[in-house]
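Chemist: pasting the sequence and the predicted coordinates here, then a few questions.
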Amino acid sequence: MLLRSFRSLWTAWRNWSRRRPFAGGLLMILAGIEMGALVAMPVELMIHTGVAGVSSLVFSGMLIVLGAVTWFTPNQHVITGSLAGFLGLGALILSNLGGLVIGTLLALVGGGLAFSWRPVARPPRKRRFGRKGTRRRGRGGESSEGEAETVPLPASTTAED
């Protein structure tokens, strides 16, 4: 019983993560965490350090948000991937060498993966058949897949001039 529920949970997770740029979003979030963890200090001290401390928090927060947006709205993958690449390059200059270059590399690779991701088409649904191998009919003469039944057109009449 427990094994079945774990399998169904794993199958649902796998299906969810395959339909979105999961690896790109994960690398963006990891880049943000790495950049933010490097400047973990009290805010008063961070303000005294200047641009490097404050910009590190800004860049890390934006990368984490971009990673989450990439996961939950995969149709925005081009925008989030591009912004992550630009933020990674900006962090290289403005925030402690972009998290000692590791954060910048993670942001660039994650942004590139998100930018180049292509959606995977869902497999077609299996057709359901009735007892004798014919498709079941729904309301209004439609088959169970939602395809309308083809009906011949009435004979055309001549137009009056």
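Modeler: Thanks, I have the structure now.
Chemist: neighbours of residue 6, how many?
Modeler: 10 (other CB atoms under 10 Å). For glycine as for every other residue, the C-beta is placed from the backbone atoms N, C-alpha and C.
Chemist: so which helix or strand takes in it?
Modeler: helix 2-18 (DSSP states H and E).
Chemist: in that helix, what's buried?
Modeler: Neighbour counts over helix 2-18 (16 or more other CB atoms under 10 Å) mark no residue as buried.
Chemist: for stretch 106-126, same thing?
Modeler: 106-115, 117.
Chemist: could you give the mean pLDDT of it?
Modeler: Per-region confidence: stretch 106-126 scores 86 on mean pLDDT.
Chemist: got the CA coordinates for that stretch in PDB?
Modeler: Provided in PDB are the C-alpha atoms of stretch 106-126 (Å, rounded to 0.1, in the frame of the first residue of the first chain):
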ATOM      1  CA  LEU A 106      25.500  28.300 -12.300                       C
ATOM      2  CA  ALA A 107      23.400  31.200 -13.400                       C
ATOM      3  CA  LEU A 108      24.800  31.100 -17.000                       C
ATOM      4  CA  VAL A 109      24.400  27.300 -17.300                       C
ATOM      5  CA  GLY A 110      20.900  27.400 -15.800                       C
ATOM      6  CA  GLY A 111      19.800  30.300 -17.900                       C
ATOM      7  CA  GLY A 112      21.200  28.600 -21.000                       C
ATOM      8  CA  LEU A 113      19.300  25.400 -20.200                       C
ATOM      9  CA  ALA A 114      16.100  27.300 -19.600                       C
ATOM     10  CA  PHE A 115      16.500  29.300 -22.800                       C
ATOM     11  CA  SER A 116      17.100  26.400 -25.000                       C
ATOM     12  CA  TRP A 117      14.400  24.100 -23.500                       C
ATOM     13  CA  ARG A 118      11.700  22.800 -25.900                       C
ATOM     14  CA  PRO A 119       8.400  21.500 -24.600                       C
ATOM     15  CA  VAL A 120       7.800  17.800 -25.000                       C
ATOM     16  CA  ALA A 121       4.500  16.800 -26.700                       C
ATOM     17  CA  ARG A 122       2.300  14.700 -24.600                       C
ATOM     18  CA  PRO A 123       1.700  11.200 -25.900                       C
ATOM     19  CA  PRO A 124      -1.700  10.700 -27.600                       C
ATOM     20  CA  ARG A 125      -4.500   9.300 -25.400                       C
ATOM     21  CA  LYS A 126      -5.400   5.700 -25.900                       C
END
